[in-house]
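Peer 1: I would like the atomic coordinates for the input below:
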Amino acid sequence: MNHHNIHAAVEIASRAARNVEQGLKGARAIAGFEAFRKYDWIRNVPLRNTSGNLRGMVVSKRWATVFHFAEDALKPLEKLALFAALAENIGKSYHQFDQILESNDSWDGKAARLSTEVSSVMIRTVADGIPSGVHLLATSLEGYCQIASLAGSERAAHLDQTLRSLDLWFSSGFEKVTDGSNMNAFINKYIVIK
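Peer 2: Below you'll find the model as predicted:
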């Protein structure tokens, strides 16, 4: 069984599911803004009237239809994207699992290391949006710094460089914190009573 081909296929499927999911979320947000009198961008839902329904809140039936279609299409796609992300993270950790199972450690030690590796996979699957969100925010702020630099601000270029290094620091820190081996070492050093 060629694990590289399986990993590549899972990664492509995971990225495709995420891209479709993001597209549907964008369509839902635009449709919601166009369809409803009041729309909450943070929660990505239309606000309801005092009776708790949408009567009088809909300003465009066509956009409301698009919003509801995108919302219905997202429900199974979000589950598929989560499953694909889980499979992708398992594929990324395949070598660590193999290394643990092939080691000469006792089965107690192997079980402890496997449990932290499984925890690592789960944390990376659930918290995957955190580094992406930080990167998006940093990229946005970098753009403003570049605009300010063009306008003549001398400190903007320095701030732009600082933002880039903070983004890199955060993503590498996330990788270190969620690494199964690092988690196991931390637990054995600071938590396990010997």
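Peer 1: list the buried ones in stretch 48-56?
Peer 2: Residues of stretch 48-56 classed as buried: none (neighbour count, 16 or more other CB atoms under 10 Å). Where C-beta positions appear, they are placed from N, C-alpha and C, glycine not excepted.
Peer 1: go on, stretch 115-133?
Peer 2: 116-117, 120-121, 123-125, 128, 131.
Peer 1: which residues of this structure fall in helices?
Peer 2: Along the chain, counting by DSSP state H, helices occupy 3-35, 61-92, 94-102, 107-126, 129-150, 155-177, 180-186.
Peer 1: Redo these as a markdown table? Include mean pLDDT and distance to residue 51.
Peer 2: Shown next, in a markdown table, are those (pLDDT from 0 to 100; distance: least, CB to CB, whole Å):
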| stretch | mean pLDDT | distance to residue 51 |
| --- | --- | --- |
| helix 3-35 | 78 | 18 |
| helix 61-92 | 84 | 17 |
| helix 94-102 | 89 | 54 |
| helix 107-126 | 90 | 36 |
| helix 129-150 | 82 | 35 |
| helix 155-177 | 87 | 44 |
| helix 180-186 | 89 | 50 |
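Peer 1: now these as TSV including distance to residue 45?
Peer 2: Compiled in TSV, the helices of the chain are given as follows (distance: least, CB to CB, whole Å):
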stretch	distance to residue 45
helix 3-35	7
helix 61-92	9
helix 94-102	39
helix 107-126	22
helix 129-150	19
helix 155-177	29
helix 180-186	36
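Peer 1: Mind picking the one among the buried residues of stretch 115-133 that's closest to residue 148?
Peer 2: Among those, residue 131 lies closest to residue 148 (CB to CB), at 25.5 Å.
Peer 1: which residue is nearest the centroid of this structure?
Peer 2: The chain has residue 129 as the residue nearest its centroid, 2.0 Å off, counting by CA atoms, centre = their mean.
Peer 1: and the residue lying closest to residue 171 once chain neighbours are set aside, what does it touch?
Peer 2: Excluding the flanking residues, the one nearest residue 171 by CB to CB, 6 or more residues apart in numbering is residue 131, at 4.9 Å. Counting by CB atoms under 8 Å, 6 or more residues apart in numbering, residue 131 makes contact with 170-171, 174.
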